[in-house]
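> Pasted the sequence and its predicted model underneath.
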Amino acid sequence: MERRTTVGPKGQVVIPKEIREKIGLKEHSKVIVDVVDDSVIIRKIKPESVSYVDFYCATYSRKLKKKIDLKKIAEEQYERNVSH
């Protein structure tokens, strides 16, 4: 899918809507910009796989007054349930 666009005064290029939709680029998406010969390649960065616990800790732990170890709490709860 080839489209023409223009480089703006600050070096910015608008990626046409059809292309953004096709690869799932949304506002604030992170991309990698690379040069190959005389071409500029823009690639969408795929999000890293993160466990739910790691995601929760990274997202909400800033609001906690003290750091908690959710993995440890989950393991202790699992052990309590298994032993009963």
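Received it, and whenever you're ready, just let me know what you need. Numbers count the residues shown, from 1 in each chain.
> so what pLDDT did K63 get?
Looking at K63, its pLDDT reads 62.
> oh sorry, the question was meant for V53
For V53, the model assigns a pLDDT of 70.
> What distance do you get for it to I23?
Distance of V53 to I23, computed by CB to CB, to the nearest Å: 30 Å. (C-beta placed from N, C-alpha, C; glycine too.)
> who's in contact with the strand or helix carrying K22?
Taking DSSP states H and E as the criterion, K22 maps to helix 17-23. If you take CB atoms under 8 Å, 6 or more residues apart in numbering as the criterion, helix 17-23 is touched by 1, 3, 25-26, 44.
> quick one: average confidence on it?
92.
> what about it, distance to the chain center?
18 Å (CA atoms, centre = their mean, to the nearest Å).
> Need the CA coordinates for it. CSV is fine.
Provided in CSV are the C-alpha atoms of helix 17-23 (Å, rounded to 0.1, in the frame of the first residue of the first chain):
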residue,chain,number,x,y,z
LYS,A,17,-5.2,7.1,7.9
GLU,A,18,-5.6,3.9,5.8
ILE,A,19,-2.0,2.8,6.7
ARG,A,20,-2.4,3.7,10.4
GLU,A,21,-5.6,1.7,10.6
LYS,A,22,-4.1,-1.3,8.7
ILE,A,23,-1.2,-1.7,11.2
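> list the buried ones in the helix or strand following that helix?
Using DSSP H and E, the helix or strand that follows helix 17-23 in sequence is strand 31-36. Using 16 or more other CB atoms under 10 Å as the test for burial, strand 31-36 gives no buried residues.
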